[in-house]
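Undergrad: structure for the following, please:
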Amino acid sequence: MDALNLFIKSIFIDNMIFASFLGMCSYLAVSKTVKTSVGLGAAVIFVLLVTVPVNYLLENFILKPGALSWLGDGYKDVDLSFLSFIMFIAVIAAIVQLVEMIVEKFAPALYGQLGIFLPLIAVNCAIMGASLFMQQKNFPSIGTATVYALGAGIGWFIAIVLMAAIREKISYSNVPAPLKGVGIAFIVCGLMAIAFMSFMGIKL
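TA: Residues are numbered from 1 along each chain as shown. As a prediction, the model looks like this:
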């Protein structure tokens, strides 16, 4: 039940977009069509599902103070936590490169539509933010970290697909000229963030 609570909370209450405003650049740039949003959202879920558990293992068995005690008593005072950022980024960059190669191989049309924003997942704050939140929340197991990663990814996926669907409808609407494009997108994003606040307090 705790895992289910964490899963639901990471999707709706602690949503990366609407609660933390992480990954907004690619969120606003790619959410013009549902097709490209689904592709990028799926890529983000995959990257989070791999990077957060890997970074959890790095954090707990290599980086944090005393993590190297499994090597022997001589290593119990070793603290490599200052390497957290660079190690997390290296893992994320490697997985994003793998995703980019897979998408280019099996979905070249989607690869062309996503353009520069696919490799930019490597610097997407939502990806790095999930690993840092994992570090901050001090999850008791890799399973819990994986549940959190899946929920965070699905939350980001839902946010970008909903935004894309709304923006596709808005393109046929009579939007005032000064608000067309990014202006109305910011307004919609704010309204969606307020709507997601209604999920606060959910506990199963």
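Undergrad: run the chain-centre distance for the lengthiest helix in the chain.
TA: In the chain, with assignment by DSSP state H, the single longest helix is helix 142-170. Going by CA atoms, centre = their mean, to the nearest Å, the spacing between the C-alpha centre of helix 142-170 and its chain's C-alpha centre is 8 Å.
Undergrad: between the following helix or strand past it and helix 142-170, how many degrees?
TA: Note on helix 142-170: by DSSP states H and E, the next helix or strand toward the C-terminus is helix 182-196. Interaxial angle, helix 182-196 versus helix 142-170 (axes from the mean of the first three to the mean of the last three CA atoms, to 10 degrees): 130 degrees.
Undergrad: so for helix 182-196, mean pLDDT?
TA: For helix 182-196, the mean pLDDT works out to 89.
Undergrad: same for the helix or strand of the chain with the lowest mean pLDDT, what does it pack against?
TA: Here the helix or strand of the chain ranked lowest by mean pLDDT, DSSP states H and E is helix 108-114, holding a mean of 80. Using 3 or more CB pairs under 8 Å, 6 or more residues apart in numbering; DSSP states H and E, the elements in contact with helix 108-114 are helix 34-58, helix 84-106. Just so you know, the C-beta spots here come from the backbone N, C-alpha and C atoms, and that holds for glycine as well.
Undergrad: how about a markdown table for those helices, with distance to residue 184 and mean neighbour count added?
TA: Putting the helices and strands packed on helix 108-114 into a markdown table (distance: least, CB to CB, whole Å; neighbours: other CB atoms under 10 Å) gives the following:
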| stretch | distance to residue 184 | mean neighbour count |
| --- | --- | --- |
| helix 34-58 | 17 | 21 |
| helix 84-106 | 29 | 16 |
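Undergrad: can the ones you listed go into JSON lines with extra columns for mean pLDDT?
TA: Formatted as JSON lines, the helices and strands packed on helix 108-114 follow (pLDDT from 0 to 100):
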{"stretch": "helix 34-58", "mean pLDDT": "91"}
{"stretch": "helix 84-106", "mean pLDDT": "89"}
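Undergrad: can you check which of those gets nearest to residue 153?
TA: helix 34-58 (3.4 Å; CB to CB).
Undergrad: what residues are up against residue 102?
TA: For residue 102, no contacting residues are found, by CB atoms under 8 Å, 6 or more residues apart in numbering.
Undergrad: at 10 Å what do you get?
TA: By CB atoms under 10 Å, 6 or more residues apart in numbering, the residues touching residue 102 are 43, 46, 111.
Undergrad: circling back: which one of the helices and strands packed on helix 108-114 lies nearest to residue 201?
TA: When the helices and strands packed on helix 108-114 are compared by CB to CB, helix 34-58 sits nearest residue 201, at 24.9 Å.
Undergrad: in a markdown table: the helices and strands packed on helix 108-114, plus distance to residue 28.
TA: As requested, the helices and strands packed on helix 108-114 are exported to a markdown table (distance: least, CB to CB, whole Å):
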| stretch | distance to residue 28 |
| --- | --- |
| helix 34-58 | 11 |
| helix 84-106 | 19 |
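Undergrad: understood, closing this out.
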